[in-house]
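Undergrad: Need a 3D model of the following:
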Amino acid sequence: MIKNTSSNAANKAFLYQSCRINAALDAISGRWKALIIIHISEAQNRFSLLKAVLEPVSDQTLGRQLKELESSKLITKTIIAEVPVRVDYHLTEKGKALLPILQDLSKWNDR
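TA: Model (predicted):
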């Protein structure tokens with residue numbers, strides 16, 4: 001977390017205003033975010049299911065990445081009042097629109 005008064009915050013604001021691609025890249029940057037989005041799209045949409053397929057990720061990191069994806073409006077979470085309580089994650093329309101872009105980035109990387 002950077003302070004709002006820091007030069008890093010000022011630089012980030014400048015970059016976001018100058019080029020919207022920076023904000024888009026920031027929304028999907030992070031070691032696990034692309035994989036999380038892909039797995040949620042494939043119905044692995046609970047914390048325990050994501051943790052099982054992303055075995056090396058720590059619980060803390062997975063939770064933080066999910067919160068960041070939610071704040072970027074790429075996923076939503078639904079709390080289901082069962083015993084025990086269940087939380088399901090789903091892609092938003094914005095998140096669904098990102099899937100072909102991730103596929104294109106993967107193809108671009110293979111060049």
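
Undergrad: So, low pLDDT: which residues of the protein?
TA: Along the chain, segments meeting pLDDT under 70 span 1-2.

Undergrad: all helices of it, in order?
TA: Using DSSP state H, the helices found in the chain span residues 7-18, 20-28, 33-41, 47-53, 59-71, 93-109.

Undergrad: Including mean neighbour count, could these go into CSV?
TA: Every C-beta, even on glycine, is put in place using the N, C-alpha and C of the backbone. Formatted as CSV, these follow (neighbours: other Cβ atoms under 10 Å):
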stretch, mean neighbour count
helix 7-18, 12
helix 20-28, 14
helix 33-41, 19
helix 47-53, 14
helix 59-71, 15
helix 93-109, 12
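
Undergrad: Tell me which of those helices lies nearest to Ala81.
TA: helix 47-53 (16.3 Å; Cβ to Cβ).

Undergrad: Packing partners of the closest one?
TA: Using 3 or more Cβ pairs under 8 Å, 6 or more residues apart in numbering; DSSP states H and E, the elements in contact with helix 47-53 are helix 33-41, helix 59-71, strand 86-91.
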